[in-house]
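Chemist: Predicted model and sequence follow; I will ask about them next.
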Amino acid sequence: MDTPVTRNAVLILYILLPNRATAEEPKCYSRFDYDEKMIEKMIRAEIKLEEFAKRMDLNDAAVSDLKTDFRNEIQLTKEDVATDLNDFIQKYVSNTTDGGWSDWSSWNTCPITCGVSMVTRSRSCDNPAPRVFGRQCLGNDQEWKTCEVLKCQAKSMEKIAFYASIKVDIDGTTANKPFVFNNVITNVGGGYDPSTGVFTARTDGIFVFSLTVRQWSSSSKGNEGHFSIKKGDTVVMKVYPDMHNRDNEFDSASGTTVLELRKGDTVYVVADDSGNYIEGSEALSTFFSGYLIG
């Protein structure tokens, strides 16, 4: 049998045989037996090499086929995706509607009756409303601005003011008894009662009160006096006419106070001591006044 494998084996044998025969020839075999076995081993090795090469060729072919199938599958997938995307665009995107704003509503009513506040107005993203994948409206759906009721204070604040003096002299005061200023000149709002000498607040607010007392001195009536404005039972201001121990002289003392009152609070004037002589017949020399400032 003359094959490529046999010829190659014989050639290798003749190249290697002299050295191997000399160095490794077994003592129990003939040289012919040894050569024959070497040739068989070489033949078997050559056959295995050829089988391995064939398998490699087969594997290359299989890999090539796999690559081809994979490329075809990718192409088909691309085509399917393109078709589905086109269908999606036709079905949805082509029917998309972007949103549009409605007209602004009217400004709402200012929530206060006096001072400064805020009012709002609104609009809706429904003209038209966004559809499918349409864009929402850009901007705010509400706006704010200040509202002012500038004249409310003048309209809402009650006008309260009074001014009264005494008509005749008081010949001997009574301690802690309200002075009755019975000569009423101004009484806007009706807060002052000329029969009792007591002012009663008809609203909450800040009030200013003034008092002037003119006293005549004598050894029997006293040479100085102490007079107070009281809020309820609390003294809030004092005035002190003082003749410095001289008889038959007059002295006046005045004072002003600012009070925060609640509706129903009372304010009046008293003498701290009894027996003082108060000038009244001299026009408007002893008086009591008050008014609302806010």
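Modeler: Happy to help now that I have it. Bear in mind that the values here come from a model prediction, so they are computed numbers and not experimental data.

Chemist: the helices in the stretch 151-294 of the chain, which residues?
Modeler: 152-156 (DSSP state H, counting those that start in this stretch).

Chemist: nope, the stretch 1-150 of the chain is what I was after
Modeler: Going by DSSP H, counting those that start in this stretch, the stretch 1-150 of the chain shows helices at 4-24, 31-91.

Chemist: What residues does the closest residue to Q142 other than its chain neighbours make contact with?
Modeler: The spatially closest residue to Q142, leaving aside those adjacent along the chain, is S122, at 4.9 Å (Cβ to Cβ, 6 or more residues apart in numbering). C-beta here means a position set from N, CA and C on the backbone, and glycine is covered the same way. With contact taken as Cβ atoms under 8 Å, 6 or more residues apart in numbering, S122 is in contact with W104, S105, D141, Q142, E143.

Chemist: for E224, same thing?
Modeler: With Cβ under 8 Å, 6+ apart, E224 has these contacts: Q215, S217, Y240, P241, D242, M243.

Chemist: what domains does the record give for the protein?
Modeler: Using automatic domain parsing, the domain parsing of the chain gives 4-91, 97-156, 157-292.

Chemist: Could you tell me the least trusted of those?
Modeler: Among the domains of the chain, domain 4-91 carries the lowest mean pLDDT, a mean of 66.

Chemist: Pull out the buried positions in stretch 176-187.
Modeler: For stretch 176-187, burial by neighbour count (16 or more other Cβ atoms under 10 Å) applies to P178, F179, V180, F181, N183, N187.

Chemist: tell me the contacts of the fourth one?
Modeler: It refers to F181. A164, S165, I166, Y192, P194, G197, V269, T286, F287, F288.

Chemist: circling back: between the buried residues of stretch 176-187, which is closest to G134?
Modeler: N187 (72.4 Å; Cβ to Cβ).

Chemist: follow-up on the earlier one: right, so the domains of the chain: which one is the most enclosed?
Modeler: Highest mean neighbour count among these (mean count of other Cβ atoms under 10 Å): domain 157-292, with a mean of 17.

Chemist: so how far is M118 from S124?
Modeler: 21 Å (Cβ to Cβ, to the nearest Å).

Chemist: Could you do R135 as well?
Modeler: Relative to M118, and taking Cβ to Cβ, R135 is found at 30 Å.

Chemist: Could you do S285 as well?
Modeler: S285 is 54 Å from M118, by Cβ to Cβ.

Chemist: Same check on R131?
Modeler: From R131 over to M118 (counting by Cβ to Cβ), the distance is 35 Å.

Chemist: What of D193?
Modeler: 44 Å.

Chemist: circling back: which one of the buried residues of stretch 176-187 is nearest to K67?
Modeler: Using Cβ to Cβ as the measure, the one of the buried residues of stretch 176-187 that approaches K67 most closely is N187, at 112.7 Å.

Chemist: ok, now which ones touch the closest one?
Modeler: Here N187 is in contact with A161, F162, Y163, A164, P194 (Cβ under 8 Å, 6+ apart).

Chemist: so who does the second one touch?
Modeler: Looking back up the chat, that one is F162. F162 neighbours (Cβ under 8 Å, 6+ apart): V184, T186, N187, V188, G189, G191, Y192, F199, S289, G290, Y291.

Chemist: still on that earlier bit, can you list the contacts of F181 in a markdown table and add distance to E73?
Modeler: Formatted as a markdown table, the contacts of F181 follow (distance: Cβ to Cβ, whole Å):
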| residue | distance to E73 |
| --- | --- |
| A164 | 111 |
| S165 | 115 |
| I166 | 118 |
| Y192 | 106 |
| P194 | 112 |
| G197 | 111 |
| V269 | 110 |
| T286 | 117 |
| F287 | 112 |
| F288 | 109 |
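
Chemist: Could you tell me the phi and psi values at D204?
Modeler: phi -70, psi 150 (degrees, to the nearest 10).

Chemist: That one contacts L259, correct?
Modeler: No - if you go by Cβ atoms under 8 Å, D204 and L259 don't touch, sitting 11.6 Å apart.

Chemist: okay, and the common contacts of these two?
Modeler: If you check D204 and L259 against Cβ under 8 Å, 6+ apart, no residue is contacted by both.

Chemist: ok, which pair from the contacts of F181 is furthest apart?
Modeler: Y192 and T286 (15.3 Å).

Chemist: hang on, the earlier thing: among the contacts of F181, which one sits closest to V208?
Modeler: Nearest to V208 among those, with distances taken as Cβ to Cβ, is F288, at 12.1 Å.
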